[in-house]
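Trainee: One predicted model, sequence on top.
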Amino acid sequence: MAAPRDGLGAVETEGNGGRSESSGAEVVLSSDPATPAPLCPHGPTLLFVKVSQGREGTRRFYACSACRDRKDCNFFQWEDEKLSGARLAAREAYNRRCQPPLSRMQCVERYLKFIELPLSQRKFCQRCQQLLLPDDWEKHGEHQVVGDVSLTQLKRPSRLLYPLENKKTNAQYLFADRSCQFLVDLLSTLGFRRVLCVGTPRLHELIRLKASGDKKSNIKSLLLDIDFRYSQFYMEDSFCHYNMFNHHFFDGKAALEVCRTFLQEDKGERVIMVTDPPFGGLVEPLAVTFKKLIAMWKEGQSQDNSHKELPIFWIFPYFFESRICQFFPSFCMLDYQVDYDNHALYKHGKTRRKQSPVRIFTNIPPNKIILPIEEGYRFCPLCQRYVSLENQHCEHCNSCTSKDGRKWNHCFFCKKCVKPSWIHCSICNHCALPDHSCEGPKDGCFVCGELDHKRSTCPNISTSKKVNKLEAC
Ligand code: SAH
Ligand code: ZN
Ligand code: ZN
Ligand code: ZN
Ligand code: ZN
């Protein structure tokens, strides 16, 4: 499958603007609705097809939607495989055993008890990543425990918990303060009153901190995340244990209703969804999920609002632009570079190579989104949007063409702007890195031969097919 979020360093290397898929599997969206996918501990599985050398195999199989490493979830079943009743029962029992030890309600009860404790009795076990009540102390006697957990600390769980580092499945990259602050201010400037945070725990907590500190900007936030540790810190109406690759609510209908109510409140007005998914490359299932959330919001709209769209910020690397826009044609990519705390590679550095490749994709008109001048953004009156200083307006393309924060150059043969490190190659008849091999093994797209994407993201095949199927979902 595609490179995990952590593979960005490699993915970003120029020339191959895409992902490695020498051997991999692709998700198949068109699974027959009459045969529901089997369940793993993370909800309905997805149907995949093995791909090698750019060719699809024929036998399809189900695997976990959330875990891209079989060490984390080893569910595997051929599409045409029939399981005995005994094996199905064993699987069901196993799925149950894998669920978190405490129910959502038990977590809430524990939290309410916890905040009643005097400061000296509020402890957090670092090994188990758990808030402790006095009855639990003995069991964690040998563990590393933090004492005197203040209310301020409780309000910032993303600082108390360590970020999950499982590279393939659940690496957590938390927003740097500057970016998180920028997002909260932007949401408030744009007039939003509710934010559905899908995989953005740090944004969720900053919104809530601001809301409690300032009555005027009283924005509500609901966090949907697969990281169950967060359920210790939030009541049922502000956190749902959720899988964004299959739209699965681990706590069933009650949790789904929390989400629905949140989206539809106030006639669905002034609500936005903000998401920062793992860059695992499964753009299609994410798009399917987001369309389901959009549909949920739409249900609450009156007929004459049917042209309206749910405002969305989808935070993702710039090289997924064509992919995201395939599924959401009304989205555009902002030039703002989103920075993270715990990822050395992407910190906003003075040196160019350290710029973050992560951008915001949105259906909000870009001229409404003011990017901070002091961080080096300017308004381009011709494009009617804010861009980074280095991103110069090209009079031939009539657009500010840079995608990666560097100044791009116009190539008159290619009739478009290209990366500064590329030169035009008259043998290949397009621009490429100077040391590319003209006749060498093609590592571009198997379908159309372009070098800037792979077969799975080729805009020239089955795109309309794929998108149509999606619309139907
Ligand atoms: N920048 C964000 C965090 C992004 S990291 C912030 O600072 O708030 C990706 C987030 O998505 C993590 O919180 C992770 O727990 C969550 N996540 C990963 N896989 C998920 C899945 N399958 N379903 C829902 N959330 C998931
Ligand atoms: Zn699973
Ligand atoms: Zn411009
Ligand atoms: Zn140009
Ligand atoms: Zn060229």
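Mentor: Alright, I've got the coordinates. Ligands and ions are numbered 1, 2, ... in the order given.
Trainee: And the helices in the chain?
Mentor: Ranges of helices within the chain are 8-11, 85-97, 104-116, 151-154, 157-160, 177-189, 201-213, 252-264, 283-299, 321-327, 463-472, based on DSSP state H.
Trainee: Of these, give the one that comes closest to Asp136.
Mentor: With C-beta to C-beta, the closest approach to Asp136 among the helices of the chain belongs to helix 104-116: 9.3 Å. C-beta coordinates here come from the backbone N, C-alpha and C atoms, glycine included.
Trainee: low pLDDT regions in this structure?
Mentor: Scanning the chain for pLDDT under 70 picks out the ranges 1-23, 30-32, 53-57, 167-170, 215-217, 281, 343-354, 439-473.
Trainee: one step back: among the helices of the chain, which is nearest Ile360?
Mentor: helix 177-189 (8.3 Å).
Trainee: Can you give me the distance of the residue nearest the centre of the chain to Leu119?
Mentor: Centroid-nearest residue in the chain, with C-alpha atoms, centre = their mean: Pro277, separated by 1.3 Å. Relative to Leu119, Pro277 is positioned 37 Å away (C-beta to C-beta, to the nearest Å).
Trainee: quick revisit: do you know which of the helices of the chain lies nearest ligand 4?
Mentor: Nearest to ligand 4 among these is helix 321-327 (16.5 Å), distances taken as C-beta to the ion.
Trainee: Mind giving me the packing neighbours of that closest one?
Mentor: Applying 3 or more C-beta pairs under 8 Å, 6 or more residues apart in numbering; DSSP states H and E, one finds that helix 321-327 contacts helix 283-299, strand 332-333, strand 358-362, helix 463-472.
Trainee: Buried ones in that helix, by neighbour count?
Mentor: For helix 321-327, a neighbour-count test (16 or more other C-beta atoms under 10 Å) marks 321, 323-324, 326-327 as buried.
Trainee: again, but for stretch 385-404
Mentor: Buried-residue list, stretch 385-404, by 16+ other C-beta under 10 Å: 385-388, 390-392, 394, 399-404.
Trainee: Tell me which of the helices and strands packed on helix 321-327 sits most buried.
Mentor: Of these, the one with the most neighbours on average (mean count of other C-beta atoms under 10 Å) is strand 358-362, at a mean of 23.
Trainee: Could you spell out the sheet neighbours of that strand, each with its direction?
Mentor: Using DSSP bridges, the strands paired with strand 358-362 are strand 312-317 (antiparallel), strand 332-333 (antiparallel).
Trainee: export those to CSV and tack on distance to ligand 4?
Mentor: Below are these laid out as CSV (distance: least, C-beta to the ion, whole Å):
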stretch, distance to ligand 4
strand 312-317, 22
strand 332-333, 17
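Trainee: Ok, which of the ones you listed comes nearest Gly268?
Mentor: Nearest to Gly268, of the strands paired with strand 358-362 and by C-beta to C-beta, is strand 312-317 at 13.4 Å.
Trainee: Next, the angle helix 201-213 makes with that closest one.
Mentor: With axes from the mean of the first three to the mean of the last three C-alpha atoms, to 10 degrees applied, the angle from strand 312-317 to helix 201-213 works out at 140 degrees.
Trainee: ok, and what's touching strand 312-317?
Mentor: With contacts defined as C-beta atoms under 8 Å, 6 or more residues apart in numbering, strand 312-317 is touched by 8, 11-12, 183, 200, 272-277, 279, 290, 294, 324, 328, 331, 338, 357-364.
Trainee: one more time with 7 Å
Mentor: Contact partners of strand 312-317, identified using C-beta atoms under 7 Å, 6 or more residues apart in numbering, comprise 8, 272-276, 279, 290, 324, 338, 357-363.
Trainee: same for ligand 1: which of these are within range?
Mentor: Asp276 (C-beta under 6 Å from any ligand atom).
Trainee: from the stretch 201-350 of the chain, which residue is nearest to ligand 1?
Mentor: In the stretch 201-350 of the chain, the residue that lies nearest ligand 1 is Arg202 (3.2 Å; C-beta to the nearest ligand atom).
Trainee: That residue is in contact with Phe175, isn't it?
Mentor: Yes - taking C-beta atoms under 7 Å as the definition, Arg202 is a contact partner of Phe175 at 5.0 Å.
Trainee: Which two among the buried residues of helix 321-327 are spaced furthest apart?
Mentor: The most widely separated members of the buried residues of helix 321-327, counting by C-beta to C-beta, are Glu321 and Phe327 (11.6 Å).
Trainee: can you pull out the strands in the stretch 1-150 of the chain?
Mentor: With DSSP state E, counting those that start in this stretch, the ranges of strands along the stretch 1-150 of the chain come out as 23-28, 39-40, 43-44, 46-52, 55-63, 76-78, 123-125, 130-132, 145-146.
Trainee: Kindly report the same for the stretch 301-450 of the chain.
Mentor: Counting by DSSP E, counting those that start in this stretch, the strands of the stretch 301-450 of the chain are 312-317, 332-333, 358-362, 377-380, 385-388, 393-394, 399-400, 409-411, 416-418, 423-425, 430-432.
Trainee: With distance to Phe249 as added columns, please give those in a markdown table.
Mentor: Output for these, formatted as a markdown table (distance: least, C-beta to C-beta, whole Å):
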| stretch | distance to Phe249 |
| --- | --- |
| strand 312-317 | 20 |
| strand 332-333 | 30 |
| strand 358-362 | 25 |
| strand 377-380 | 38 |
| strand 385-388 | 36 |
| strand 393-394 | 46 |
| strand 399-400 | 41 |
| strand 409-411 | 49 |
| strand 416-418 | 44 |
| strand 423-425 | 51 |
| strand 430-432 | 47 |
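Trainee: Much appreciated, bye for now.
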